[in-house]
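*Asks:* my questions concern the predicted model and sequence given below.
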Amino acid sequence: MPDPLELIPAAFERQKFAIARLISVFEDPRPVAADQRKRILEALQSSGRSRRGMFLGFTGTPGAGKSTLVGELANRLIEQNPERCLAVLAVDPSSHVSGGSILGDRTRVRFSFGDDRLYFRSQASDQELGGISRTTFSVLRLLYHLFDVIVVETVGIGQSEIEIQQTADRVFLLLQPLAGDQIQFMKAGIMEIPDCFIINKSDEKEAAERTFHALRASLQLIRPGENRVPIFRTSALTGMGLQDVLDYFLDLLKERTDAPALDASLYRREVYYFEKWVKDELGRQGLHMLSDLGGARELMDKAGGFDGAQKAVLQAVQESRTELETKVSEVIR
């Protein structure tokens, strides 16, 4: 593989081969890849070409029509806005038996794949409970610099699948008319997560109307202190309501003018995900170690960011493991 830094100019031109090769680096768990990611991000940040993309999370029960709706919205966005570009990162469930995954979102999303302003990538969930893969956020850190809008389509929400709240700038929860989803979500505490709700498949107008009023009543009960939470009624089949959602996207994009604030927001997410990575890799002992070092943010600041801190931890773990193996070997001789 060529030096990943050589792929950056092509990635800024949205050449899909270059983007795919860079994504492979951001999905690579090896220590050497952490160093490569650090160099890539430094080059992207200093290029003056970063788009500082907006992360939009789409979640909902399986069968709610997430993939189809995302595809229709993506196509409309690039058709109506020639200067904009969009990426979709779709997470598919992994088998608890084989560990494999059928990346079926590719078959349900209808894109103009010849347009370089649209990029689609599937990921297996790796049996993670948060609705996204363990490498999803790592890849988002790359796409942040290359696209205006990055849509994250989760594996489908359940009682544990709330990680998207820590990831996206806006979270959209898709419901189906009269499916009773809002009752289940109320019990699981999920109704408190989304910034917006979408009642999809609303071409069944009477059912959609009843669901709308039931949802509004539920929100008034659960989130009484908030301003009116947006609820959209859409149909990918007829096009109903799609323009309203798209206009909402575009209004959000217009507000994203403060580059330092956007970068700071991304850094806060990096701190969260670094701490999560330490916990996943090293458990409670890892969190104790992190606390002794001053916490995730302090370690990242000293190490030059997420990837530098990750590399430092991996190297320390390897050295400790080697030392432990040596001592154990001496004991059992």
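*Replies:* Right, received. Where do you want to start? Not measured: the values here are computed from a predicted model.
*Asks:* next, the contact list for F17, please.
*Replies:* A10 (C-beta atoms under 8 Å, 6 or more residues apart in numbering). All C-beta atoms are positioned from the backbone trio N, CA, C, and that covers glycine.
*Asks:* show me where the stretch 1-150 of the chain has helices.
*Replies:* For the stretch 1-150 of the chain, the helices defined by DSSP state H, counting those that start in this stretch cover 8-12, 16-27, 31-45, 66-80, 105-108, 136-146.
*Asks:* export those as TSV, with columns for mean pLDDT and distance to P224.
*Replies:* Shown next, in TSV, are the helices of the stretch 1-150 of the chain (pLDDT from 0 to 100; distance: least, C-beta to C-beta, whole Å):
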stretch	mean pLDDT	distance to P224
helix 8-12	97	46
helix 16-27	97	41
helix 31-45	93	42
helix 66-80	95	28
helix 105-108	52	36
helix 136-146	97	32
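*Asks:* what would the ones you listed look like in TSV with distance to A214?
*Replies:* Output for the helices of the stretch 1-150 of the chain, formatted as TSV (distance: least, C-beta to C-beta, whole Å):
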stretch	distance to A214
helix 8-12	45
helix 16-27	41
helix 31-45	45
helix 66-80	21
helix 105-108	27
helix 136-146	32
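*Asks:* can you check which of those helices gets nearest to D116?
*Replies:* Set against D116 and scored by C-beta to C-beta, these come closest in helix 16-27, at 7.1 Å.
*Asks:* list the buried residues of that closest one.
*Replies:* A18, I19, R21, L22, I23, V25, F26, E27 (16 or more other C-beta atoms under 10 Å).
*Asks:* now the helix or strand where A261 lies: average pLDDT?
*Replies:* Here A261 sits within helix 259-292, counting by DSSP states H and E. What helix 259-292 shows for mean pLDDT is 93.
*Asks:* could you check the angle helix 136-146 makes with that helix?
*Replies:* Angle, helix 259-292 to helix 136-146, by axes from the mean of the first three to the mean of the last three C-alpha atoms, to 10 degrees: 150 degrees.
*Asks:* mean confidence for the helix or strand that helix 259-292 is followed by?
*Replies:* Heading C-terminal from helix 259-292, the first helix or strand you meet, by DSSP H and E, is helix 296-303. The average pLDDT within helix 296-303 is 95.
*Asks:* related to what we said a few turns ago, packing partners for the helix holding A261?
*Replies:* helix 136-146, helix 164-167, helix 296-303, helix 306-332 (3 or more C-beta pairs under 8 Å, 6 or more residues apart in numbering; DSSP states H and E).
*Asks:* grab the nearest non-local neighbour of A20.
*Replies:* Excluding the flanking residues, the one nearest A20 by C-beta to C-beta, 6 or more residues apart in numbering is R121, at 7.6 Å.
*Asks:* I231 too?
*Replies:* Nearest to I231 is F197, by C-beta to C-beta, 6+ apart, at 4.7 Å.
*Asks:* just G286 next, same as before
*Replies:* For G286, the spatially nearest residue (C-beta to C-beta, 6+ apart) is V278, at 4.4 Å.
*Asks:* picking up where we left off before, phi, psi of the residue nearest to I231?
*Replies:* phi -120, psi 140 (degrees, to the nearest 10).
*Asks:* how about R49?
*Replies:* phi -120, psi 10.
*Asks:* chain center to stretch 246-259, what's the gap?
*Replies:* Offset of stretch 246-259 from its chain centre (C-alpha atoms, centre = their mean, to the nearest Å): 18 Å.
*Asks:* for it, list the C-alpha coordinates in CSV.
*Replies:* C-alpha atoms of stretch 246-259 as CSV (Å, rounded to 0.1, in the frame of the first residue of the first chain):
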residue,chain,number,x,y,z
LEU,A,246,-33.9,18.3,3.6
ASP,A,247,-34.6,21.9,4.3
TYR,A,248,-33.9,21.2,8.0
PHE,A,249,-30.5,19.7,7.0
LEU,A,250,-29.6,22.8,5.0
ASP,A,251,-30.6,25.1,7.8
LEU,A,252,-28.3,23.2,10.1
LEU,A,253,-25.5,23.5,7.6
LYS,A,254,-25.9,27.3,7.4
GLU,A,255,-25.3,27.5,11.1
ARG,A,256,-21.9,25.7,10.9
THR,A,257,-19.7,28.8,10.5
ASP,A,258,-17.5,28.7,13.6
ALA,A,259,-14.6,26.4,12.5
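*Asks:* list the buried residues of that stretch.
*Replies:* L246, Y248, F249, L253, R256.
*Asks:* got it, and stretch 72-88?
*Replies:* Going by 16+ other C-beta under 10 Å, stretch 72-88 has these buried residues: 72-78, 81, 84-88.
*Asks:* closest one to F232 out of those, please.
*Replies:* Taking these together and measuring to F232 by C-beta to C-beta, the closest member is L73, at 10.7 Å.
*Asks:* and that closest one, what is it in contact with?
*Replies:* Counted by C-beta under 8 Å, 6+ apart, L73 has contacts V151, L242, V245, L246, F249.
*Asks:* that's all I had, so thanks and see you.
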